[in-house]
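Trainee: Let me see the structure of the following:
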Amino acid sequence: MNWFLIIITVVVAILVLLVSLYLVVHFQHPEDRNQAWLPKLVVLLGFSVAFWTILLFPLDVANQQACDFDVPLSSCSTMPMKELWYAMYIANMAIVFIAVPFCIFYYEADSEWSVFRRYLSGFLWALGTVFVVGMLIGIPYAFVGYAEYDVQGAVSGLLPVSYLEDPSYNYSRCIGLFASYDQDANRPIRGGPGRGANESLASGGYFCDTFSNTVANEVWKVRVSIIVYAMAVVATLGWILFLVFGGIGLVALPIDWIREFIRRPKATITRSQYIDRARDLARRAKDILALGDALRQEERERGRSWRWRRNIKALNTQLLVLEEDEEQLELVYPQSEDPDYKWVLTVMGFWLKFFGGLLGLAMSICWVLQIILYILIDPPVTPLLNEVFIKANDAFPLFGTLLFGLFAFYLQLAVTKGNFKFGLNLLIFRVHPMRRGATIMSSFLFNVALILLATTASIQFCATAFALYADGTAVYDIFGNQLTSIMGLKYIYTENIFIYAMLAFMLLTLLFVLIRGPDRWKRTKLEDVYAM
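Mentor: Numbering: from 1, shown residues only. Take a look at the predicted model:
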């Protein structure tokens, strides 16, 4: 057993748990500070499982490389990675389809309800979600829960091993199919009854396919386990989110970081300037409050019309802008016991974003090149990052694994960024925004479910992009062989439909951020937004 890997795994798992705890504490709404403990626990586990799943990939690679190449994997005492993958995906599905629905409907239940009624409401909604998902997975599994592999069929006869001791046997010929065999004489019965009796074994027999040029191409169909099929269905659903969030995030993440540095405040403001800007924020807050009251009155009188819904979305957008402007005002007028020290930390934070944006831009370009040159072009033009990771491991053990983990972790950050970016800019589908110190538990739960679903596709995408580097790992056996061969789903992956769609979203996002600029909607006047 590789105890070094076990220790690293435990340490990283604890660090991820602490980071997830920081996210919950840092983003939670003040009203949830000392309550909603069950949703907080689900959110904490959800974030942890999402990042554990991503980091399980480099662990799988390191585990596969823990033994020497001359030692068979079956004889190598390594960590049970396949069982760990199954456990992680079961936890993923349990959180998404059981824990999150229960907590959302428990948390959003009428405050006048009793505790038992709120628990019952959450339980019934979770039970209904499990039933629907179970039907969506169970019914197709019963009929098409098979993996199909293209193989070349070859059929041979059967002989005891002892027959090979006969010096007259010509090993250059195949073993034919004989009607019967004389165990006492240790030879096939010549001229026996039935099809395929041969006068001489050396002269061959029926179905000696490998000695002819007529080997048939066949489809080998094998039943997959229900866990693997459920993973395939969930990963396919996750791909719909991943191609959107990942495509947007890989472009928006580095560009937004660099733009934040370029548009950073260059100096602090005076107290009088702070008071003037604070008054302007207060005036805007009163306008938003008045518009909110007007929309509430319209809802009571006319109901929720299409125009009312559009105005509500616009109102929520302006509320988010107001909160962001307040944060910017606090940046340029630091208030603490040592304002100069706080301002230095702010400046350092912007420089870190700048260097992080440059690094992210390079990694996004590498991801695009890896997709085009290794995945889409057949045969691949170059292994690219696969070769980089392999050479890095040759230079220093585990260095390539750490580099690979960095690319996988960056992909997860891009998915998270795409989640938030998509929800803030598109009105046709609004993702619950997460804001520092102002995120309610229902938004937490909703985003955790989306990120967990997208993570399933992220792993499958990494297994495809780094197939050469991950060869022989448990995750490649699951995602590279079984999941991409399942009936009804294999053509989506073999034709790279999701990959092309992801590149399309990346191109659209690039055009959007270059042409539209840095969030022009933030400068829209209230009277130009609302059509009352």
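Trainee: quick one: secondary structure of the residue lying closest to residue 327 once chain neighbours are set aside?
Mentor: In space, residue 327 comes closest to residue 436 once its chain neighbours are excluded; the distance is 7.6 Å by CB to CB, 6 or more residues apart in numbering. C-betas here are computed from N, CA, C, even on glycine. Taking DSSP: H, G, I helix; E, B strand; the rest coil as the rule, one finds residue 436 in the coil state.
Trainee: what's the helix or strand for the nearest residue to residue 480 once chain neighbours are set aside?
Mentor: Among residues not flanking residue 480 along the chain, residue 463 sits closest, at 4.9 Å (CB to CB, 6+ apart). Assessed by DSSP states H and E, residue 463 sits inside helix 441-465.
Trainee: right, and the helix or strand after that helix?
Mentor: Remark: after helix 441-465, the chain's next helix or strand is helix 474-475, criterion DSSP H and E.
Trainee: who are the neighbours of the helix holding residue 463, in terms of helices and strands?
Mentor: The contact analysis (3 or more CB pairs under 8 Å, 6 or more residues apart in numbering; DSSP states H and E) places helix 441-465 against helix 37-64, helix 81-94, helix 100-107, helix 226-262, helix 399-425.
Trainee: Which of these sits closest to residue 471?
Mentor: Nearest to residue 471 among those is helix 37-64 (8.5 Å), distances taken as CB to CB.
Trainee: Tell me who's in contact with residue 412.
Mentor: 50, 51, 54, 455, 458 (CB atoms under 8 Å, 6 or more residues apart in numbering).
Trainee: count of neighbours near the last one?
Mentor: Burial of residue 458, expressed as a neighbour count using other CB atoms under 10 Å, amounts to 27.
Trainee: which ones are touching it?
Mentor: 54, 238, 242, 246, 408, 411, 412, 415.
Trainee: Against residue 419, how distant is the closest residue to the first one other than its chain neighbours?
Mentor: To tie it back to what came earlier, the one meant is residue 54. With sequence-adjacent residues excluded and distances taken as CB to CB, 6+ apart, residue 54 is closest to residue 412, at 4.8 Å. Distance from residue 412 to residue 419, counting by CB to CB, to the nearest Å: 11 Å.
Trainee: Please apply the same query to residue 39.
Mentor: In terms of CB to CB, residue 39 sits 18 Å off from residue 419.
Trainee: Would you mind listing where the stretch 1-150 of the chain has pLDDT under the threshold?
Mentor: 1-2, 66-77, 110-111 (pLDDT under 70).
Trainee: actually the chain, not the one I typed
Mentor: 1-2, 66-77, 110-111, 154-216, 397, 423-434, 516-532.
Trainee: Spell out for me which residue occupies the centre of it.
Mentor: residue 455 (1.7 Å; CA atoms, centre = their mean).
Trainee: Now do the contacts for it.
Mentor: With CB under 8 Å, 6+ apart, residue 455 has these contacts: 50, 53, 54, 92, 238, 412, 415.
Trainee: just the strands in the stretch 101-250 of the chain please.
Mentor: Taking DSSP state E, counting those that start in this stretch as the test, the strands found in the stretch 101-250 of the chain are 146-153, 181-182, 187-188, 216-223.
Trainee: Deepest-packed of the ones you listed, please.
Mentor: The highest mean neighbour count among these belongs to strand 187-188 (a mean of 20), with neighbours defined as mean count of other CB atoms under 10 Å.
Trainee: Residue 269 contacts residue 330, doesn't it?
Mentor: No - the criterion here is CB atoms under 8 Å, and residue 269 misses it with residue 330 at 11.0 Å.
Trainee: that older thread, can you tell me which of the contacts of residue 455 are buried?
Mentor: For the contacts of residue 455, a burial check counting by 16 or more other CB atoms under 10 Å picks out 50, 53, 54, 92, 238, 412, 415.
Trainee: quick one: the residue nearest to residue 327 and residue 26 touch, right?
Mentor: Yes - Residue 436 is within contact range of residue 26, at 6.1 Å (criterion: CB under 8 Å).
Trainee: Tell me the helix or strand right after the host helix or strand of residue 275.
Mentor: Per DSSP H and E, residue 275 falls inside helix 271-302. Counting by DSSP H and E, the next helix or strand C-terminal to helix 271-302 is helix 306-332.
Trainee: what comes up buried for that next one?
Mentor: Result for helix 306-332 [16+ other CB under 10 Å]: buried residues 311-312, 314-319, 321, 323, 329, 331-332.
Trainee: separation between residue 318 and residue 29?
Mentor: Taken as CB to CB, the span from residue 318 to residue 29 is 19 Å.
Trainee: right, I mislabeled it, should have said residue 325
Mentor: In terms of CB to CB, residue 325 sits 19 Å off from residue 29.
Trainee: Burial check on residue 61, number of neighbours?
Mentor: 26.
Trainee: Repeat that for residue 87.
Mentor: A total of 13 residues lie near residue 87 under the criterion other CB under 10 Å.
Trainee: Check residue 23 too.
Mentor: 19.
Trainee: Contacts for the helix or strand that contains it next, please.
Mentor: Residue 23 is part of helix 3-27, with elements assigned from DSSP H and E. For helix 3-27, the surrounding residues in contact (CB under 8 Å, 6+ apart) are 40, 43-44, 47-48, 51-52, 55, 59, 62-63, 66, 79, 434-439, 444.
Trainee: filter those to the buried ones?
Mentor: 40, 43-44, 47-48, 51-52, 55, 59, 62-63, 66, 79, 434, 438-439, 444.
Trainee: Tally up the residues packed near the closest residue to residue 93 other than its chain neighbours, please.
Mentor: Nearest non-adjacent residue to residue 93, counting by CB to CB, 6+ apart: residue 234, 6.0 Å away. As a burial measure, residue 234 scores 22 neighbours (other CB under 10 Å).
Trainee: Could you do residue 299 as well?
Mentor: By other CB under 10 Å, the residues close to residue 299 number 13.
Trainee: Quick one: residues contacting it.
Mentor: With contact set as CB under 8 Å, 6+ apart, residue 299 has these partners: residue 308.
Trainee: shift numbering so it begins at 172
Mentor: Understood, numbering begins at 172; the last thing we discussed is residue 470.
Trainee: Distance-wise, check it relative to residue 317.
Mentor: 52 Å.
Trainee: just residue 528 next, same as before
Mentor: Taking CB to CB, one finds residue 528 at 46 Å from residue 317.
Trainee: mind giving me the domain ranges of the chain?
Mentor: Following automatic domain parsing, one gets these domains for the chain: 174-322+395-430+505-700, 440-501.
Trainee: and these as JSON lines, adding distance to residue 388?
Mentor: Shown next, in JSON lines, are the domains of the chain (distance: least, CB to CB, whole Å):
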{"stretch": "domain 174-322+395-430+505-700", "distance to residue 388": "7"}
{"stretch": "domain 440-501", "distance to residue 388": "55"}
